[in-house]
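Enquirer: Attaching a predicted model along with its sequence, questions to come.
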Amino acid sequence: MKGKSGWMFGLALVLMVAAGVFLVWMKAHQKLGRPGVKLDLPERVLEFRSEILAASPEEKQTLPQDTSISRRLYWNVEQGATNYAQITVVLMGTDRTSIHKPEFCLVGQGWRIEQKEPISLPIQRPHPYALPVMKFLASKEVRSENGEVVKSRALYLFWFVADQALTADHGQRMWWMAKNLLTTGTLQRWAYVSCFSTCRPGQEEATLARMTRLLVAAVPEFQETAGSPLKAASR
């Protein structure tokens, strides 16, 4: 029994060393794929105006150095500066840890995720297609200007895009990346695109409609990968 345990331990050790050598070899020989996005987010979209937001000190400290981040804060000039939405693009380089599970972003900022729902956005250019998006509905208590503690809601929409690849599923993205690396030697250069906005309870549908209007117009301006064309409805 003791000899069998030693044999199994030795086999496990050999497999671990072999896996480590294989990963080092793969990293040395892998090619980095083309991105599916441009980092220059549009300055003006429909009636929305915007300003550039810099990456936070925490992002600069924790993310790999070859990570690229583009972020703009958009607001509807017809409805006032309080109606805003923040679009962020995080583009990985050679280090795949640039992109992590989206839940970490919200929970780390004190938000409690209450609902997760896959939706799609009707993008019209370069051809009509349905963009897969994951929608998170979150909430947390905040202190108002008069000192009163009130409940705030947040809508968080996100998806992942690489060259000729689109998904709103983090697990799917990881599987595609691993499969592509093993079969082609190319590390897909994924981008994590998100849109965030807050609102008062009861305003979730109006906020989602505003975010959808912004994204439908903005996405074709910076995203180069498009989904499969929608089939025309038969008459």
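Expert: Looks like it arrived, so ask away. Numbers count the residues shown, from 1 in each chain.

Enquirer: Just the mean pLDDT for stretch 32-43, thanks.
Expert: Computed over stretch 32-43, the mean pLDDT rounds to 97.

Enquirer: Please give the element, helix or strand, for the most centrally placed residue in the chain.
Expert: With distances taken as CA atoms, centre = their mean, the residue of the chain nearest its centroid is Tyr192 (2.8 Å). Here Tyr192, judged by DSSP states H and E, is contained in strand 191-199.

Enquirer: Return the list of helices and strands in contact with that strand.
Expert: Contacts defined by 3 or more CB pairs under 8 Å, 6 or more residues apart in numbering; DSSP states H and E place strand 191-199 against strand 80-91, strand 149-162, helix 204-222. C-beta here means a position set from N, CA and C on the backbone, and glycine is covered the same way.

Enquirer: before we move on, back to that, so what's the residue nearest to the centre of the chain up against?
Expert: Thr88, Val89, Val90, Ile99, Pro102, Phe158, Phe160 (CB atoms under 8 Å, 6 or more residues apart in numbering).

Enquirer: I'd like the distance between the residue lying closest to Val89 once chain neighbours are set aside and Ala191.
Expert: Ranked by CB to CB, 6 or more residues apart in numbering and with sequence neighbours excluded, the top spatial neighbour of Val89 is Ser70, at 4.6 Å. With the distance defined as CB to CB, to the nearest Å, Ser70 ends up 9 Å from Ala191.

Enquirer: intersection of neighbour lists for these two?
Expert: Val89, Leu91.

Enquirer: And those two? Which one has more around it.
Expert: More crowded of Ser70 and Ala191, by other CB atoms under 10 Å: Ala191, with 25 against 20.

Enquirer: which of the contacts of Tyr192 has the most neighbours?
Expert: Highest neighbour count within these: Phe160, with 27 neighbours (other CB under 10 Å).

Enquirer: Pretty sure that one sits against Leu166.
Expert: Yes - if you go by CB atoms under 8 Å, Phe160 and Leu166 touch, sitting 7.4 Å apart.

Enquirer: follow-up on the earlier one: mind checking pLDDT for the residue nearest to the centre of the chain?
Expert: At Tyr192, pLDDT is 97.

Enquirer: Okay, and the beta partners of it?
Expert: Note on Tyr192: beta-bridge partners by DSSP bridges are Val90, Phe160.

Enquirer: Quick check: the gap between it and Ala130.
Expert: 19 Å.

Enquirer: Write down the beta-bridge partners of the residue lying closest to Asp169 once chain neighbours are set aside, one by one.
Expert: In space, Asp169 comes closest to Met134 once its chain neighbours are excluded; the distance is 7.5 Å by CB to CB, 6+ apart. Beta-bridge pairing of Met134 under DSSP bridges involves Pro118, Phe158.

Enquirer: and Met134, how many neighbours does it have?
Expert: Using other CB under 10 Å: Met134 sits among 19 other residues.

Enquirer: got it, and Ala55?
Expert: Other residues within reach of Ala55, judged by other CB under 10 Å, total 15.

Enquirer: Over to Glu58?
Expert: A total of 9 residues lie near Glu58 under the criterion other CB under 10 Å.

Enquirer: In three-state terms, label it for me.
Expert: At Glu58 the chain is in helix, as set by DSSP: H, G, I helix; E, B strand; the rest coil.

Enquirer: pLDDT at it, what is it?
Expert: At Glu58, pLDDT is 87.

Enquirer: Tell me the spacing between it and Val142.
Expert: Glu58 sits 20 Å away from Val142, taking CB to CB as the criterion.

Enquirer: How about Arg72?
Expert: The value you get for Arg72 to Val142, if CB to CB is used, is 23 Å.

Enquirer: Looking at those two, which is more packed in?
Expert: Applying other CB under 10 Å to Arg72 and Val142 shows that Arg72 carries more neighbours, namely 22 against 12.
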